[in-house]
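> requesting a structural model of the entry that follows:
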Amino acid sequence: MPEAFIHVGLPSRVILGAGALDQIPLEASGLKVLLIATKSARDSADVVQLALGDDFAGRIDEVRQHVPKEKADAARAKAIEVGATGIVAIGGGSAIGLAKAIALTAGLPIIAVPTTYSGSEMTPVWGQTEDGNKKTGTDLNVLPKTVIYDPVLSRGLPLKVTAASVANALAHCVEATWTDKADPITEVTAVEAARALREGLLQVLENPTDLDARSNLLYGASLAGSALASAGTGLHHKLCHLLGGAYNLPHAETHAAVLPQVTRVKAPEVPRAKARLEAVLETTDLATGLFDLFSTAGVPTSLRELGLTESQAKEAAERFQASTSIDVREILNRAWAGER
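The predicted structure is shown next:
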């Protein structure tokens, strides 16, 4: 019999399958669409723009990670200028994050088409950076109304980007097991997500264009985002947001460097989830298994490799330490050096 718990599921419409991009005109029917696309997704965005016909209102092709306030303000102004009543965002977390910035103030529905494995599309979490500080929050207005996963779009994603994005998704899985709002449902979801992500990553390392592998990764990322959406974020994500906002570190790679070190400290607090995750990741120690998986996939496992200086790592630890009893200094020292 499970322990008593309260689980909050979020309304999501998910479409997954090769060729699912063709569903956008139907999903956007009746909307005046502002189309947002990352650079790598521009060809797909061109196809969608033509398919939307009279429902196309305007387009934004310039996005940046961590959603700088000036980009968010410009995007909001663009939505008003073109009279948009809905948004289609194609790309990684940066494109979807910019769509969320508009939805946060305008309440426009989002159709998200992820081409990486950030999982942001399954959450009501938004983020925005101003003056080196990344602010995040939760608002159901930013939860996409429809998520379309088409593995064809991620087929050409470089291995380096793929592996880093999977590390991001695995961070969602792992942290979703130890937050204050974690429950047996989020735990089971997170464990299945981790299984699919590991399997998909190993498949992609063997054959980068394998559609089954890419589908596996999208499936895992969707579950990981769903688990995090219900469980919320904790120490790991707060640290990564601090590092990303203050020092402009790459979002996904920062997860890979920090996650094993936070897991080493936090996972023993949730022994059942730790054991389940170790089983699906085929490791005897969760923190070490994550570190080794990222290393095998060629993802940087030290903040030093990402350009953070030792003094900046110490500065970040000092900024964060007052908000927790956990020894953040040790975590960031180890993450900076990349200690296994």
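
> okay, CA-based contacts and neighbour counts for the rest of this
Will do.

> what about the strands in the stretch 101-250 of the chain?
110-114, 125-130, 133-138, 146-149 (DSSP state E, counting those that start in this stretch).

> just send these back as TSV, with mean pLDDT too.
As requested, the strands of the stretch 101-250 of the chain are exported to TSV (pLDDT from 0 to 100):
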stretch	mean pLDDT
strand 110-114	98
strand 125-130	93
strand 133-138	89
strand 146-149	98
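
> mean neighbour count, the ones you listed: which tops it?
Compared across the strands of the stretch 101-250 of the chain, strand 110-114 shows the largest average neighbour count, a mean of 28 (mean count of other Cα atoms under 10 Å).

> before we move on, back to that, can you redo the strands of the stretch 101-250 of the chain as JSON lines, where the extra columns are distance to Gly83?
Listed next are the strands of the stretch 101-250 of the chain as JSON lines, based on distance: least, Cα to Cα, whole Å:
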{"stretch": "strand 110-114", "distance to Gly83": "15"}
{"stretch": "strand 125-130", "distance to Gly83": "23"}
{"stretch": "strand 133-138", "distance to Gly83": "26"}
{"stretch": "strand 146-149", "distance to Gly83": "21"}
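
> okay, now the domains of the protein?
Structural domains annotated on the chain: 13-154, 159-337, as defined by automatic domain parsing.

> of all the strands of the stretch 101-250 of the chain, which one is nearest Ala167?
Of all the strands of the stretch 101-250 of the chain, strand 110-114 sits nearest to Ala167, with 15.7 Å by Cα to Cα.

> who does that closest one pair up with?
In the sheet, strand 110-114 lines up against strand 86-91 (parallel), strand 146-149 (parallel) (DSSP bridges).

> centre of the chain to that strand, how far?
13 Å (Cα atoms, centre = their mean, to the nearest Å).

> hey, C-alpha coordinates of that strand in PDB?
Taking C-alpha atoms only, strand 110-114 is exported to PDB below (Å, rounded to 0.1, in the frame of the first residue of the first chain):
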ATOM      1  CA  ILE A 110       1.100  27.800 -27.000                       C
ATOM      2  CA  ILE A 111       1.600  24.900 -29.400                       C
ATOM      3  CA  ALA A 112       5.100  23.600 -28.600                       C
ATOM      4  CA  VAL A 113       7.100  21.500 -31.100                       C
ATOM      5  CA  PRO A 114      10.300  20.500 -29.200                       C
END
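
> hmm, back to that, okay, the strands paired with strand 110-114 in TSV with distance to Ala246 next?
Formatted as TSV, the strands paired with strand 110-114 follow (distance: least, Cα to Cα, whole Å):
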stretch	distance to Ala246
strand 86-91	24
strand 146-149	30
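
> count the neighbours of the closest residue to Ala213 other than its chain neighbours for me.
Nearest non-adjacent residue to Ala213, counting by Cα to Cα, 6 or more residues apart in numbering: Gly200, 4.7 Å away. Counted with other Cα atoms under 10 Å, the neighbours of Gly200 add up to 24.

> wait, Gly200 sits on Ala221?
No. Between Gly200 and Ala221 there is no contact under Cα atoms under 8 Å: 10.4 Å.

> show me which positions of stretch 331-340 end up buried.
331-338, 340 (16 or more other Cα atoms under 10 Å).

> same thing with stretch 235-247?
235-237, 239-247.

> what does stretch 78-94 give?
Buried-residue list, stretch 78-94, by 16+ other Cα under 10 Å: 78-79, 84-94.

> quick one, the helix or strand that Ala51 is a member of and strand 86-91 angle?
Using DSSP states H and E, Ala51 sits within helix 42-52. Helix 42-52 runs at 150 degrees relative to strand 86-91, counting by axes from the mean of the first three to the mean of the last three Cα atoms, to 10 degrees.

> give the pairing partners of the next helix or strand after helix 42-52; include direction for each.
Toward the C-terminus, helix 42-52 is succeeded by strand 56-60 as the next helix or strand (DSSP H and E). Note on strand 56-60: by DSSP bridges, its sheet partners are strand 33-37 (parallel).
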